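Visitor: Okay, structure incoming, though there's no sequence with it:
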């Protein structure tokens, strides 16, 4: 008997458990249907109904402790509040959704919620940085999930945020991976946003061709989707907003290129797109009003049916209902009329804005004309600076031809050398500034000795140091291993300008050149370079402008005041290193310039060894050199420089002659000019390499090095020397190339 009772009890418990599990599954299925219904109503702009359904689903989920469903439900509720622009309630419900998403370990939902929270927080200044942090978390979670679609949204939002803040480097950090993720199958909205943002990025770094290419793609996608009948009004409105943004970028592009007519035309298209976006938003608002009216009408009919059950239908009730419905219709009509009126006012405002923008474009045209005037002034300044030393060159040459006494001849030659050096420095400054401003200067990494470099600069400025009776002091921190890795040429240009200025504006005084170690890492140094003098100083009102192009600090004691390009070049070269130059100065009490740069540690044992071999070998062997140059004066100069070191020379006046001589005689080295009649140096080198692959051929040319080096090396030349050159470097280059062949 007991066994029978126990058996029946067990069967009852099993049956009860199965019944509860079935009910649980039924409830869970019911909650999902509510969630889907709430989402669909939200898409149909029925926000109040969506909110009511979501609340019913929430009660069921709370009753069943369904954290995962609660996360999705609070997300729907929050989005309804966000659309209604109730950001406080939106944030509150998104945060509740986040709590339940974490509790249920729903990483996908958590990823979406971070993006949604970021969208709300970045609307307001006080919470914007927090919103940016949420975008980054959304991207991080999506990356962990390897969910490409979810990774794209926060990347584009971050790119858009940083571009709006004019932080283009940070923007590209997020646009670059977005560009890798977006492909042919991605949504057109993602493609539109990416191309629009890339267009704005490239416009602001002055890569105009790339900017136009991306802007045109954004415009193409936007126009296509505004005509897509499958898109709802809200999506079409979004595409018109993207189109307006793309037109604005294109207008700015043409404005920067000084094509003001095209800039104006695209600005008009921008405003037209803004109006179209607003028209579609007004349609959405009207749809919402109609939906609300239908809901109110439905509720009214229910009330009317209930009233009919309780009391007889009366004419009074009918009239009341009719009047109420009439009032509602009148109110909707009035709302539409008010909306149309506001839209008309907005159009007028946009037209006024267009007029103002047109005025700005006219102003920009005037600015361009002012720039043209500035260019004319610059040409006038450079003309003066060129004519002054040229007068000295021509005049002194005439005096030397009259064969004056030896003492005077030496004095004239020194002055002639000074004028020549000044002309070379002026030409180099103009070319250097032009290269920097067109983004042609790229930093290189080569090993160099910092002490040797600074001492070499000071020695090269010896004449200027001596003329004003100045003393230069060099102090390099003992913690620095002087062999570094970086762009020694750019550093030299910076220091030559700063030390040269200090010598120029100081008389009977001191100049201090210091290098301090701010921080020492395993593989790099953070260094501070300081150039200080006790000269005339710089007035406070000039300290912000001396780094501008053509700015000068007047000094009546100087023979040449210069073009004012030196400090402008210094500032731009330091900015290339991601640093800034600072100044401390008082008028009459000297000036101190300083800047911080980071250099990697380097060991250049091979170079040191090679350099020592070069120094030993220069002038110790009677090498046979072929000079290929069509200019008679250049032939004489090069030949005499080589003969002073004991070298034997022969001369060819063009490439054809050089080829014939190399076939008949054995030379140790060829110094090859580039621009020559009959056959130029590049073509001649190609032919020589067909029958002699080992002889060193060095380009000896006045062409800018950046323009010719790659061409020279590609045809088989070994090195490049730019005229005019430093004699010591000239022979080091020759010996380096001869040594490579002799030691091979």
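Guide: Noted; the coordinates are in hand. On a predicted model such as this, the values are computed, not experimentally measured, just so you know. Residues are numbered from 1 along each chain as shown.

Visitor: The stretch 601-744 of the chain: strands as residue ranges?
Guide: Per DSSP state E, counting those that start in this stretch, the stretch 601-744 of the chain carries strands over the ranges 624-628, 648-652, 669-672, 697-701, 719-722.

Visitor: Am I right that residue 511 falls within a helix?
Guide: No. Residue 511 sits outside any helix when classified using DSSP: H, G, I helix; E, B strand; the rest coil, being strand.

Visitor: State the distance from it to residue 571.
Guide: Taking Cβ to Cβ, to the nearest Å as the measure, residue 511 falls 20 Å from residue 571. The C-beta positions use only the backbone N, C-alpha and C, and glycine is treated the same way.

Visitor: just residue 625 next, same as before
Guide: For residue 625 relative to residue 571 (Cβ to Cβ), the value is 42 Å.

Visitor: distance between the helix or strand harbouring residue 193 and the chain's centre?
Guide: Using DSSP states H and E, residue 193 maps to helix 188-204. Here helix 188-204 shows a centroid-to-chain-centroid distance of 14 Å under the convention Cα atoms, centre = their mean, to the nearest Å.

Visitor: Can you mark which positions in it are buried?
Guide: For helix 188-204, burial by neighbour count (16 or more other Cβ atoms under 10 Å) applies to 188-204.

Visitor: Lowest mean pLDDT across the strands of the stretch 601-744 of the chain, which one is that?
Guide: The stretch with the lowest mean pLDDT among the strands of the stretch 601-744 of the chain is strand 719-722, at a mean of 88.

Visitor: And the contacts of that one?
Guide: Under the criterion Cβ atoms under 8 Å, 6 or more residues apart in numbering, residues 671, 696, 698-705, 708-709, 712, 729-730, 733, 736-737 lie in contact with strand 719-722.

Visitor: for it, which positions count as buried?
Guide: Judged by neighbour count using 16+ other Cβ under 10 Å, the buried positions of strand 719-722 are 719, 720, 721.

Visitor: next one: stretch 266-278
Guide: So stretch 266-278, judged by 16+ other Cβ under 10 Å, has buried residues 266, 267, 269, 270, 271, 272, 273, 274, 276, 277, 278.

Visitor: Export the residues you listed to CSV and append columns for pLDDT and distance to residue 230.
Guide: CSV is the format used below for the buried residues of stretch 266-278 (pLDDT from 0 to 100; distance: Cβ to Cβ, whole Å):
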residue, pLDDT, distance to residue 230
266, 86, 28
267, 85, 31
269, 85, 25
270, 84, 26
271, 83, 27
272, 84, 24
273, 84, 20
274, 86, 24
276, 80, 18
277, 76, 19
278, 77, 22
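
Visitor: Nearest to residue 447 among the residues you listed?
Guide: residue 266 (50.4 Å; Cβ to Cβ).

Visitor: ok, residue 356 to residue 494 distance?
Guide: 44 Å.

Visitor: now do residue 181
Guide: Between residue 181 and residue 494 the computed distance is 41 Å (Cβ to Cβ).

Visitor: about what we covered before: between residue 511 and residue 571, who's got more neighbours?
Guide: Neighbours per residue, other Cβ atoms under 10 Å: of residue 511 and residue 571, the larger number sits with residue 511, 25 against 20.

Visitor: more neighbours, residue 356 and residue 494?
Guide: With neighbours defined as other Cβ under 10 Å, residue 356 and residue 494 compare such that residue 494 has more, 25 against 10.

Visitor: what distance separates the stretch of helix or strand that one belongs to from the centre of its chain?
Guide: Secondary structure assigned from DSSP H and E places residue 494 in helix 488-504. Averaging C-alpha positions (Cα atoms, centre = their mean) puts helix 488-504 28 Å from its chain's average.

Visitor: Which elements pack onto it?
Guide: Using 3 or more Cβ pairs under 8 Å, 6 or more residues apart in numbering; DSSP states H and E as the contact test, the elements touching helix 488-504 are helix 450-460, helix 462-467, strand 510-520, strand 524-533, helix 566-576, strand 591-601.

Visitor: run the last query once more with 7 Å
Guide: When contacts are defined as 3 or more Cβ pairs under 7 Å, 6 or more residues apart in numbering; DSSP states H and E, helix 488-504 packs onto helix 450-460, helix 462-467, strand 510-520, strand 524-533, helix 566-576.

Visitor: Going by mean pLDDT, which of the ones you listed comes out lowest?
Guide: Looking at these, the bottom one is helix 462-467 with a mean of 77.

Visitor: What residues of it count as buried?
Guide: 464, 465.

Visitor: Tell me the spacing between the residue nearest to residue 528 when sequence neighbours are not counted and residue 456.
Guide: Leaving aside its sequence neighbours, residue 528 sits nearest to residue 516 (Cβ to Cβ, 6 or more residues apart in numbering; 4.5 Å). Separation of residue 516 from residue 456 (Cβ to Cβ) stands at 20 Å.

Visitor: just residue 40 next, same as before
Guide: Counting by Cβ to Cβ - residue 40 and residue 456 are separated by 78 Å.

Visitor: Check residue 231 too.
Guide: The spacing between residue 231 and residue 456, counted by Cβ to Cβ, is 68 Å.

Visitor: Then residue 209?
Guide: 41 Å.

Visitor: More neighbours: those two, which one.
Guide: Shown here are residue 209 and residue 456; by other Cβ under 10 Å, residue 456 has more neighbours (15 against 7).

Visitor: Residue 581 versus that one, what's the distance?
Guide: According to Cβ to Cβ, residue 456 and residue 581 sit 22 Å apart.

Visitor: give me the number of residues near residue 247?
Guide: For residue 247, the neighbour count with other Cβ under 10 Å is 24.

Visitor: picking that back up, out of the buried residues of stretch 266-278, who's nearest residue 683?
Guide: Checking the buried residues of stretch 266-278 one by one against residue 683 (Cβ to Cβ), the nearest turns out to be residue 266, at 47.6 Å.

Visitor: so who does the closest residue to that closest one other than its chain neighbours touch?
Guide: Closest residue in space to residue 266, ignoring its immediate chain neighbours: residue 251 at 4.0 Å, by Cβ to Cβ, 6+ apart. Applying Cβ atoms under 7 Å, 6 or more residues apart in numbering, we find residue 251 in contact with 263, 266, 267, 270.

Visitor: Quick check: residue 472 vs residue 500, distance?
Guide: Here the distance between residue 472 and residue 500 works out to 11 Å (Cβ to Cβ).

Visitor: So which of these two has more stuff around it?
Guide: Using other Cβ under 10 Å as the criterion, residue 472 and residue 500 rank with residue 472 on top: 22 against 19.

Visitor: Any chance of the backbone angles for the more buried one?
Guide: Main-chain torsions, residue 472, degrees, to the nearest 10: phi -110, psi 130.

Visitor: That one contacts residue 465, doesn't it?
Guide: Yes. Because the distance of 6.0 Å satisfies Cβ atoms under 7 Å, residue 472 is recorded as touching residue 465.

Visitor: helix/strand/coil for residue 474?
Guide: strand.

Visitor: Tell me what it is bridged to.
Guide: Residue 474 has these beta-bridge partners by DSSP bridges: residue 513.

Visitor: And the pLDDT for the residue lying closest to residue 653 once chain neighbours are set aside?
Guide: Leaving aside its chain neighbours, residue 653 sits nearest to residue 630 (5.2 Å; criterion: Cβ to Cβ, 6+ apart). For residue 630, the model assigns a pLDDT of 89.

Visitor: go on, the one 3 residues further on?
Guide: Predicted confidence (pLDDT) for residue 633: 81.

Visitor: show me the contacts for residue 358.
Guide: Shown in contact with residue 358 (Cβ under 7 Å, 6+ apart): residue 264.
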